[in-house]
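In: using only what follows, build the 3D model:
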Amino acid sequence: MKTEILVLASNPQGTVKLELEREIRAIEDALDRGKKREYFGLRSKVAVRIQDLQTTILEEKPRIVHFSGHGMGSPGLVLETEFGQKRQVNTQAIADLCKLFATQIEVVVLSACYSEIQASEINQHINYVIGTKKEIRDDAAIAFTKGFYLALFNGESIDFAFELGCNRIQLEIYKNENPERKLVPVYSEEENKAIALSQHEVLALLKKDPLNKIITSDRVSSVVNNLPNPFNHLAGRIEDSSLVFGRETEIKRIFELLNDNNSVAIIGEPEIGKSSLLKVIEEQSATKLQHRKPIYLNLGDVYDEEDFYFALCELIGIPELKGFKLSRELKKHKLLLILDNVEKMAWDGFTNQIRSQIRALAEGVNAPLRLVIAANKPLNCLFPDSGMVSPFENVCLEEPINKWCEQTVGNFIASRLKATPISFTQPEIARIIQDSHGHPKVVMRLCYDIYQLYREKML
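Out: Numbers count the residues shown, from 1 in each chain. This next block holds a predicted model:
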């Protein structure tokens, strides 16, 4: 597992010539000297065109992006057209691009003049961003690069690497020079005037959520050992609804149906996440569903029909009733009855009578019950003892819960790895997608195993 670094360099026709090759070579030299170089990979692309940005980031999957070139302040950064001419890329477009890769990229270095504005916008999405408050000389930019990457490749944190890079400027370019050459006027809001900054003070490190995730030193073992495996595949439904992933479309659709006075049957194969989805529906109904109190009942905990009536009445907070008395009492309430493992109603101990009563209580615009049920089979296959039509078939609209697509699997893996120093390779992710066929439970298990292998290598 390596932290990939992508260097993007651009010096179009009509712009001041920069020593981009020297800056790239400085990173390569630092990598050769680094005691932790085996943890890093380095790719560089010169003469970067606007159309190269998305493609290169998608292909290389970097965690550190280093841009070397010209900056223009508010208007943006300067890249090349396909004909080698200069073209500015506006700040918002750059920030939005970084937002799309926020689960992947941890550090952005803007080795370009006037780039603090871009750094500030990018920092809304990326944890660490380095920019410049004003002009920065070529030799100062190269000196910073030497110190910054030398620290990283020897296992130091981002904060320490930034300070070492600034110190490298002091060591290399201030010797035997006129001090005035090294000062750049920068407007200070606090002092309401322009102040003179040395070159090493022109650089700025912005931090959004400083996790120091580029961990390459001897601290790796202790950090990895103390982090729980983010792919812990516990059995049963997920009780923490914030961990339910990739079901936003289904949740939105279910609440749309409920608010249109429909009941819903969530249909999907075993262990695909139906129970966890019911948990989300239960929690979000307070804000997304009008005037109905959610009642969750797992039929796996219910022994028979009598036990069902007892559990239902207790959850509602009414005396134990059934039949007409229950129907009369429920007309005083507006409830969302969430039934998990509804197949249990086809077992011995349950009759078609109870299913028919639930159906009757859920029919009509002003029905006391609105249903959300979860089942492994379509409604017309659920209850063969009910005759030609399932008792829920014309009451509940079916909402299928499908397996994850490739993009969702990739996003899930990235989101779980974001708070760890580990990342999976593209071949590993491709194998997970192929072997799991997009089944969330299988994805989780495969990811768990791969993460454990990385963990063992680092300990």
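
In: from here on, just use CA atoms for contacts and neighbour counts.
Out: OK.

In: what are the ranges of the strands in the stretch 251-400 of the chain?
Out: Counting by DSSP state E, counting those that start in this stretch, one finds strands in the stretch 251-400 of the chain at the ranges 263-267, 293-298, 335-340, 369-375, 396-400.

In: any chance you could list what contacts the second one?
Out: The contact list for strand 293-298 (CA atoms under 8 Å, 6 or more residues apart in numbering) reads 282, 285-286, 311-312, 315-316, 334-341.

In: any chance of the strands of the stretch 251-400 of the chain in JSON lines, with mean pLDDT and distance to residue 44 too?
Out: Shown next, in JSON lines, are these (pLDDT from 0 to 100; distance: least, CA to CA, whole Å):
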{"stretch": "strand 263-267", "mean pLDDT": "93", "distance to residue 44": "48"}
{"stretch": "strand 293-298", "mean pLDDT": "93", "distance to residue 44": "55"}
{"stretch": "strand 335-340", "mean pLDDT": "93", "distance to residue 44": "53"}
{"stretch": "strand 369-375", "mean pLDDT": "92", "distance to residue 44": "51"}
{"stretch": "strand 396-400", "mean pLDDT": "91", "distance to residue 44": "45"}
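
In: residue 249: which of those is closest?
Out: Ranking those by distance to residue 249, with CA to CA as the measure, places strand 396-400 first at 10.8 Å.

In: for the helix or strand just after that closest one, packing partners?
Out: As assigned by DSSP states H and E, the chain's next helix or strand after strand 396-400 is helix 406-417. With contacts defined as 3 or more CA pairs under 8 Å, 6 or more residues apart in numbering; DSSP states H and E, helix 406-417 has these neighbours: helix 426-436.

In: next, the angle from the helix it packs on to helix 406-417.
Out: 120 degrees (axes from the mean of the first three to the mean of the last three CA atoms, to 10 degrees).

In: can you pull the buried residues of the strand or helix carrying residue 58?
Out: Assigning secondary structure by DSSP H and E places residue 58 in helix 52-60. Residues of helix 52-60 classed as buried: 52, 56-57, 60 (neighbour count, 16 or more other CA atoms under 10 Å).

In: show me what it packs onto, helices and strands only.
Out: By 3+ CA pairs under 8 Å, 6+ apart, helix 52-60 packs against strand 3-9.

In: could you give the angle of the helix or strand following the strand it packs on to strand 3-9?
Out: Once the chain leaves strand 3-9, the next helix or strand it forms, by DSSP H and E, is helix 20-33. With the same axes, to 10 degrees as the basis, helix 20-33 and strand 3-9 are set at 160 degrees to each other.

In: now stretch 3-19: average pLDDT?
Out: Computed over stretch 3-19, the mean pLDDT rounds to 84.

In: need the residues that contact that stretch.
Out: The contact list for stretch 3-19 (CA under 8 Å, 6+ apart) reads 20, 24, 39-49, 57, 60-70, 78-80, 84-86, 138, 214.

In: mind listing what's buried along it?
Out: Using 16+ other CA under 10 Å as the test for burial, stretch 3-19 gives 3-12, 18.

In: with stretch 151-167 instead?
Out: 151-159, 161-167.

In: now stretch 72-88
Out: 72-73, 76-81, 84, 86, 88.

In: got the residues you listed as CSV, with distance to residue 142, pLDDT and secondary structure columns?
Out: Below are those laid out as CSV (distance: CA to CA, whole Å; pLDDT from 0 to 100; DSSP: H, G, I helix; E, B strand; the rest coil):
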residue, distance to residue 142, pLDDT, secondary structure
72, 19, 77, coil
73, 20, 75, coil
76, 21, 80, coil
77, 19, 85, strand
78, 19, 86, strand
79, 20, 84, strand
80, 22, 80, strand
81, 25, 76, coil
84, 24, 70, coil
86, 23, 78, strand
88, 23, 84, strand
